[in-house]
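> okay, here's the prediction I keep looking at, along with the sequence it came from:
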Amino acid sequence: MDLNFNKNEDHNKLLISDLTKRLAQVKLGGGKNRIEKHRSKGKMTARERIDYLLDTKSKSIEIGAFAGEDMYQEHGGCPSGGVVVKIGYIKGKQCIVVANDATVKAGAWFPITGKKNLRAQEIAIENKLPIIYLVDSAGVYLPMQDEIFPDKEHFGRIFRNNAVMSSLGITQISAVMGSCVAGGAYLPIMSDEALIVDKTGSIFLAGSYLVKAAIGETIDNETLGGATTHCEVSGVTDYKAKDDKDALDTIKNIIDKIGDYNKAGFNRAKAEHPIENSKDIYGILPKSRADQYDMYDIIKRLVDNSEYDEYKAGYGKTIITAYARIDGWAVGIVANQRKLVKTTKAKTKPSEMQFGGVIYNDSADKATRFIANCNQKKIPLVFLQDVTGFMVGSKSEHGGIIKDGAKMVNAVSNSVVPKFTIIIGNSYGAGNYAMCGKAYDPRLIVAWPSAELAVMSGNSAAKVLLQIETASLKKKGEKITPEKEEELFNKIKDRYDKQVSPYYAAARLWTDAIIDPLDTRTWISMGIEAANHAPIEKKFNLGVLQV
């Protein structure tokens, strides 16, 4: 291996090490002291509950681990959004599990908590996956109630989704393993079946203090809404469990008896590992987001047997389109080629070079046709993003780049097969949209630690913003020296660079996770398996196109 490969490898392994450390911190939730206090009540932590519920040694993927990172610092923070969400297997059946983390503000709902819960329900609805709620929450975080309570995508949407999922026949099971108060009390009772843990679980619209203040009644919380009350008096819950493990064992037994599901019918063969060493990805992926590399080298380390069948290989070379298999599943890959490529418009014209990572007229046209083909053949789509945007300039504009770009966006928008997006490097501007960014409903969207998401790169944006700021200062009569200009540039770039970080995006759930590149195959495979639960009911229709 050459020196450049070794430098890239060292850099990317450091990024993975940082990712591992950050995840370890996230898993502590509200901190070691709060975890011990939680356990002293005879309760398992949210992560312990999920680990016990999921099949031993089975694969699982976590959604939104970094939700809320570096947000709400004035309120003490909200690690992982105060809720843990995983897709895994219970008695061999793929499910999604949502567990409140009571070590974080007693499991109270911050705005990002609501967004993360809604994302979990969205995944369940899109893929018709059974969903299990492990409830242990003090309800809405009152100091921020205006940002979580009243709007369409806020707290109340959860219960609306409960009702919708019930009508769609999606299994919902809730276990009340701690507090379940006020509006949150509706979630378990709108599920198909509800369990409650004796002595630690409680459900009521208003606790004993509020009852006393409101109507003057004196009553303790256990009598008001404990397990015995709701299992033997009100009939609100269906099962009384003696402790957390008993409740989780009951859920396992319920899931074990669910019948089989109708399948979408995506093609799967025997899974094979890539022939090329997947760990080489660390050395292939450059340290600088501006440097070039060959996306074919990445693809060979992601697909079964390192084999693919390329569509229109000699045309529109800045986007690679190919059929392949990942963990046995047939997929259509749409990937940005990140190296300079030579293209020939016609035999009578000389060859010209196209910049890697840029979407040109011909590559947009090719991608549109390929996406249509995958929809026709019922093949899930995998987007490998490292895109700086669409080509600009008079040549592209006169060639109709906006029209060709619109066709590609149209195809992505109207695609009915499941889409999965992996942000490998750059994800800038309209390129993010065309390559199936979050706004275009990928079933799962994840980023590698090397990813950057923004309207444009930090360097480019800082130059534009610097021009605006210096012009404004000059109007005020300030003299801008070269030293002052450099200081302003660095200040702007530092601020912008923080926003393009994959962790900034993951904190806001613009992506579902930041993952080690070596876990990419697992995410895609489990994602397609989940999507296979939901037969495709719509026909692919591009609508009106400017051809």
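Received it, and whenever you're ready, just let me know what you need.
> just after the helix or strand hosting Glu126, pick out the following helix or strand.
Assignment of secondary structure by DSSP states H and E places Glu126 within helix 111-127. Remark: after helix 111-127, the chain's next helix or strand is strand 131-137, criterion DSSP H and E.
> report the inter-axis angle for that following strand versus helix 111-127.
160 degrees (axes from the mean of the first three to the mean of the last three Cα atoms, to 10 degrees).
> what's the local residue count around Thr481?
For Thr481, the number of neighbouring residues by other Cβ atoms under 10 Å comes to 9. From N, CA and C alone the C-beta is placed, and that goes for glycine too.
> just Ile536 next, same as before
The tally of other residues near Ile536 (other Cβ under 10 Å) stands at 15.
> where does pLDDT dip in the stretch 401-547 of the chain?
Across the stretch 401-547 of the chain, the ranges flagged by pLDDT under 70 are 458, 545-547.
> need the helices for it, in chain order.
Taking DSSP state H, counting those that start in this stretch as the criterion, the stretch 401-547 of the chain carries its helices at 401-414, 429-434, 458-475, 482-500, 502-507, 520-531.
> hang on, Gly29 packs against Lys105?
No. When contacts are counted by Cβ atoms under 8 Å, Gly29 is not listed as touching Lys105 (10.2 Å).
> residue ranges in the stretch 101-250 of the chain under the pLDDT threshold?
Scanning the stretch 101-250 of the chain residue by residue, the ranges that satisfy pLDDT under 70 are 183.
> so where do the strands sit in the stretch 101-250 of the chain?
131-137, 172-181, 193-197, 202-204, 239-241 (DSSP state E, counting those that start in this stretch).
> and the helices of the stretch 401-547 of the chain: which comes nearest Asp304?
Each of those was checked against Asp304 via Cβ to Cβ, and the shortest separation belongs to helix 520-531, namely 8.8 Å.
> neighbouring contacts of that closest one?
Helix 520-531 has contacts (Cβ atoms under 8 Å, 6 or more residues apart in numbering) with 59, 61, 87, 94, 123, 126-127, 129, 264, 266, 271, 278, 302, 326-329, 331, 380, 382, 418, 420, 422, 443-444, 446, 448, 513, 515.
> switch the cut-off to 7 Å
The set of residues external to helix 520-531 that reach it, using Cβ atoms under 7 Å, 6 or more residues apart in numbering, is 59, 61, 87, 94, 127, 129, 264, 266, 302, 326-327, 329, 380, 382, 418, 420, 422, 443-444, 446, 515.
> now stretch 447-456
The contact list for stretch 447-456 (Cβ under 7 Å, 6+ apart) reads 12, 15-16, 18-19, 285, 289, 423-429, 432, 461, 499-500, 502, 505-506, 510-511, 514-515, 517.
> hmm, which of these are the buried ones?
Buried members of these, scored by 16 or more other Cβ atoms under 10 Å, are 12, 15-16, 19, 285, 289, 423-429, 432, 461, 500, 502, 505-506, 510-511, 514-515, 517.
> thinking again about what came up before, which of the contacts of helix 520-531 are buried? Put it as a ChimeraX command.
Selecting only the buried members of these in ChimeraX, with burial defined as 16+ other Cβ under 10 Å, works like this:
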select :59,61,87,94,127,129,264,266,302,326,327,329,380,382,418,420,422,443,444,446,515
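> in strands, which of the contacts of helix 520-531 appear?
Of the positions in the contacts of helix 520-531, Ile61, Ile87, Gln94, Ile326, Trp329, Val382, Phe420, Ile422, Leu444, Val446 sit in strands, assigned by DSSP state E.
> and the furthest pair within the residues you listed?
Gln94 and Ile422 (20.4 Å).
> quick revisit: for the ones in strands among the contacts of helix 520-531, which one is nearest Ser137?
Ile87 (21.0 Å).
> what sits against that closest one?
Ser60, Ile61, Ile63, Gln94, Ile96, Met526, Ala530.
> before we move on, the earlier item: turn the helices of the stretch 401-547 of the chain into a markdown table, including distance to Asp151.
What follows is these, written out as a markdown table (distance: least, Cβ to Cβ, whole Å):
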| stretch | distance to Asp151 |
| --- | --- |
| helix 401-414 | 25 |
| helix 429-434 | 24 |
| helix 458-475 | 30 |
| helix 482-500 | 24 |
| helix 502-507 | 20 |
| helix 520-531 | 28 |
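> can you tell me which of those is nearest to Lys538?
Shortest separation from Lys538 across the helices of the stretch 401-547 of the chain is recorded for helix 401-414, at 8.9 Å, computed as Cβ to Cβ.
> just checking, what packs against that closest one?
helix 361-377, helix 429-434 (3 or more Cβ pairs under 7 Å, 6 or more residues apart in numbering; DSSP states H and E).
> let me have these in TSV, extended by distance to Arg34.
Output for the helices and strands packed on helix 401-414, formatted as TSV (distance: least, Cβ to Cβ, whole Å):
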stretch	distance to Arg34
helix 361-377	47
helix 429-434	38
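> lowest-confidence stretch among the ones you listed?
In terms of mean pLDDT, the lowest-scoring of those is helix 429-434 (a mean of 92).
> longest helix anywhere in this protein?
Of all the segments assigned as helix in the chain under DSSP state H, the longest by residue count is helix 3-26.
> what are the buried residues along the helix or strand following that one?
Past helix 3-26, heading to the C-terminal end, the next element that is a helix or strand (DSSP H and E) is helix 32-39. Across helix 32-39, burial judged by 16+ other Cβ under 10 Å covers Arg34, Ile35, His38.
> CA atoms only for helix 32-39 - export them in PDB, please.
The C-alpha coordinates for helix 32-39 follow below in PDB (Å, rounded to 0.1, in the frame of the first residue of the first chain):
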ATOM      1  CA  LYS A  32     -23.600   6.700  36.200                       C
ATOM      2  CA  ASN A  33     -25.200   8.200  39.400                       C
ATOM      3  CA  ARG A  34     -28.600   8.400  37.900                       C
ATOM      4  CA  ILE A  35     -28.200   4.800  36.500                       C
ATOM      5  CA  GLU A  36     -27.400   3.500  40.000                       C
ATOM      6  CA  LYS A  37     -30.400   5.400  41.400                       C
ATOM      7  CA  HIS A  38     -32.600   4.000  38.700                       C
ATOM      8  CA  ARG A  39     -31.400   0.400  39.400                       C
END
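> any idea how far apart the tips of stretch 101-116 sit?
Between the start and the finish of stretch 101-116 there is a gap of 13 Å, counting by Cα to Cα, to the nearest Å.
> show residues contacting it.
Outside stretch 101-116, the residues within contact range by Cβ under 7 Å, 6+ apart are 29-30, 34-35, 38, 45-46, 64, 67-68, 71-72, 78-85, 100, 136-141, 144, 147-148, 154-155, 178-179, 509.
> would you turn the buried residues of helix 32-39 into TSV with distance to Ile251 and pLDDT?
Listed next are the buried residues of helix 32-39 as TSV, based on distance: Cβ to Cβ, whole Å; pLDDT from 0 to 100:
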residue	distance to Ile251	pLDDT
Arg34	25	95
Ile35	23	96
His38	20	95
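> thanks again, I'm all set now.
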